[in-house]
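*Asks:* I would like the atomic coordinates for the input below:
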Amino acid sequence: MNYFFSLIHPTLVHFPVGLLFAGSVFHLYGAFRKEESVALAGAFNIKLGYFFIFPVFAVGLLGLQEIEVKDAFRDYVNRHLLYAFSTFVVFSAALASARFAPKRVKNYLYFSFVALGLYCVLATGYYGGELVHRFGLPDGVVAGGR
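*Replies:* Numbering: from 1, shown residues only. Okay, the predicted model is just below:
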């Protein structure tokens, strides 16, 4: 069976995950510690990571079509998809609130969405890692040679 997209998804996904994770941490830290350069670097990483979500999401959906989703890991696939889509929605809301929210609630909304987005990124990664390392997706070979 051809596993091109399901094999390339784990390779590509780490770039936006790293950008969103580091960007969220840097931006939250920089904003609360009043370190403008750190906050600015974090904001840039969030925006760059957000735009790289699209190709990774597309490759992940194409890869999902290549595998047989069995009952043993169906819940993990569903949660991985739920948190991946939630990551996209939450960071979309964060970027929209930074641009369009009224000034008096802008920071509260933005930083709440960034913190929630950070959780979604971590949860997506957890369930994706379980699919690869516990269930051996995409080809049934569990890491460690089993």
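*Asks:* SS state for Gly23?
*Replies:* helix (DSSP: H, G, I helix; E, B strand; the rest coil).
*Asks:* Quick one: residues contacting the residue lying closest to it once chain neighbours are set aside.
*Replies:* Closest residue to Gly23 apart from its sequence neighbours, by CB to CB, 6 or more residues apart in numbering: Asn45 at 2.9 Å. For glycine as for every other residue, the C-beta is placed from the backbone atoms N, C-alpha and C. With contacts defined as CB atoms under 8 Å, 6 or more residues apart in numbering, Asn45 is in contact with 19-20, 22-23, 26-27.
*Asks:* How is Asn45 assigned, secondary-structure-wise?
*Replies:* Reduced to three states by three-state DSSP, Asn45 is helix.
*Asks:* for Ala58, same thing?
*Replies:* Following three-state DSSP, we place Ala58 in the helix state.
*Asks:* go on, Phe15?
*Replies:* helix.
*Asks:* Start at 578, not 1
*Replies:* Will do, 578 is the new start, and the previous item becomes Phe592.
*Asks:* how close does it sit to Asp716?
*Replies:* 23 Å (CB to CB, to the nearest Å).
*Asks:* Could you list the low-pLDDT ranges of this structure?
*Replies:* 578-579, 717-723 (pLDDT under 70).
*Asks:* Which parts of it are strands?
*Replies:* In the chain, no strands are found when defined by DSSP state E.
*Asks:* Spatially central, which residue of it would that be?
*Replies:* Centroid-nearest residue in the chain: Val698, 3.8 Å away (criterion: CA atoms, centre = their mean).
*Asks:* got the contact list for that one?
*Replies:* Counting by CB under 8 Å, 6+ apart, Val698 has contacts 594, 597-598, 601, 664.
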